[in-house]
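Q: what follows is a predicted protein model with its sequence.
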Amino acid sequence: MNTFPSLDKEEDDYTKKYVLNKIYSLPTKFKIVIILYYFEEKKINEISSILKTKESTIKMRLKKAKELLKQEIGEL
(Lines give C-alpha, C1' and ligand atoms only; values in the text may rest on other atoms or scores of the structure.)
Protein backbone atom coordinates (compact mmCIF):
# COMPACT_ATOMS: atom_id res chain seq x y z
CA MET A 1 0.00 0.00 0.00
CA ASN A 2 1.40 3.39 -1.01
CA THR A 3 1.44 5.78 1.95
CA PHE A 4 2.39 8.83 -0.10
CA PRO A 5 -0.34 11.08 -1.46
CA SER A 6 -0.87 10.82 -5.18
CA LEU A 7 0.07 13.94 -7.11
CA ASP A 8 -0.90 14.70 -10.64
CA LYS A 9 1.77 15.97 -13.03
CA GLU A 10 0.87 19.63 -12.50
CA GLU A 11 1.03 19.32 -8.70
CA ASP A 12 4.27 17.36 -8.95
CA ASP A 13 5.87 20.02 -11.20
CA TYR A 14 4.72 22.77 -8.85
CA THR A 15 6.13 20.92 -5.83
CA LYS A 16 9.50 20.39 -7.53
CA LYS A 17 9.71 24.06 -8.51
CA TYR A 18 8.71 25.13 -5.01
CA VAL A 19 11.39 22.95 -3.38
CA LEU A 20 14.06 24.06 -5.86
CA ASN A 21 13.17 27.68 -5.21
CA LYS A 22 13.61 27.10 -1.47
CA ILE A 23 16.98 25.39 -2.07
CA TYR A 24 18.20 28.26 -4.23
CA SER A 25 17.11 30.77 -1.60
CA LEU A 26 19.40 29.20 1.03
CA PRO A 27 22.62 31.00 1.94
CA THR A 28 25.37 29.98 -0.47
CA LYS A 29 27.35 27.84 1.97
CA PHE A 30 24.29 25.66 2.58
CA LYS A 31 22.92 25.72 -0.96
CA ILE A 32 26.17 24.46 -2.48
CA VAL A 33 26.40 21.39 -0.24
CA ILE A 34 22.77 20.47 -0.98
CA ILE A 35 23.36 20.78 -4.72
CA LEU A 36 26.62 18.84 -4.66
CA TYR A 37 25.28 16.10 -2.39
CA TYR A 38 21.81 15.53 -3.78
CA PHE A 39 21.95 16.72 -7.38
CA GLU A 40 25.56 16.02 -8.30
CA GLU A 41 25.61 12.90 -6.07
CA LYS A 42 28.99 13.76 -4.57
CA LYS A 43 30.14 12.07 -1.38
CA ILE A 44 31.00 14.05 1.73
CA ASN A 45 34.74 13.57 1.19
CA GLU A 46 34.42 14.75 -2.43
CA ILE A 47 32.53 17.88 -1.39
CA SER A 48 35.15 18.49 1.27
CA SER A 49 37.88 18.31 -1.34
CA ILE A 50 36.01 20.51 -3.83
CA LEU A 51 35.31 23.21 -1.23
CA LYS A 52 38.63 22.76 0.59
CA THR A 53 36.73 22.41 3.85
CA LYS A 54 36.81 19.78 6.59
CA GLU A 55 34.39 16.87 6.26
CA SER A 56 32.91 17.70 9.65
CA THR A 57 32.08 21.20 8.38
CA ILE A 58 30.41 19.76 5.28
CA LYS A 59 28.34 17.40 7.43
CA MET A 60 27.31 20.28 9.70
CA ARG A 61 26.35 22.47 6.72
CA LEU A 62 24.34 19.65 5.16
CA LYS A 63 22.50 19.07 8.43
CA LYS A 64 21.80 22.78 8.88
CA ALA A 65 20.65 23.13 5.26
CA LYS A 66 18.17 20.29 5.73
CA GLU A 67 16.91 21.89 8.95
CA LEU A 68 16.42 25.24 7.20
CA LEU A 69 14.57 23.58 4.34
CA LYS A 70 12.36 21.67 6.74
CA GLN A 71 11.47 24.93 8.52
CA GLU A 72 10.68 26.63 5.23
CA ILE A 73 8.86 23.78 3.53
CA GLY A 74 7.45 21.81 6.42
CA GLU A 75 5.59 18.70 5.43
CA LEU A 76 4.47 18.83 1.80
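A: That came in fine, so what should we check first?

Q: and the helices in the protein?
A: With DSSP state H as the criterion, the chain has helices at 9-24, 28-34, 44-51, 55-73.

Q: what's the most buried one of these?
A: Among these, helix 28-34 has the highest mean neighbour count (mean count of other CB atoms under 10 Å), at a mean of 18. Glycine gets a C-beta too; all of them are placed from N, C-alpha and C.

Q: for residue 62, give me the pLDDT.
A: Looking at residue 62, its pLDDT reads 97.

Q: with adjacent residues omitted, what lies nearest to it?
A: residue 33 (4.9 Å; CB to CB, 6 or more residues apart in numbering).

Q: pretty sure the one you found contacts residue 48?
A: No - contact criterion CB atoms under 8 Å: residue 33 and residue 48 do not qualify, at 9.8 Å.

Q: which neighbours do the two share?
A: residue 58 (CB atoms under 8 Å, 6 or more residues apart in numbering).

Q: next up, the contacts around the residue nearest the centre of the chain.
A: For the chain, the residue sitting closest to the mean C-alpha position, by CA atoms, centre = their mean, is residue 34 at 4.1 Å. Contact analysis of residue 34 by CB under 8 Å, 6+ apart lists 23, 26, 62, 65-66, 69.

Q: ok so, going back, what's the least confident stretch among the helices of the chain?
A: Across the helices of the chain, helix 9-24 gives the lowest mean pLDDT, at a mean of 87.
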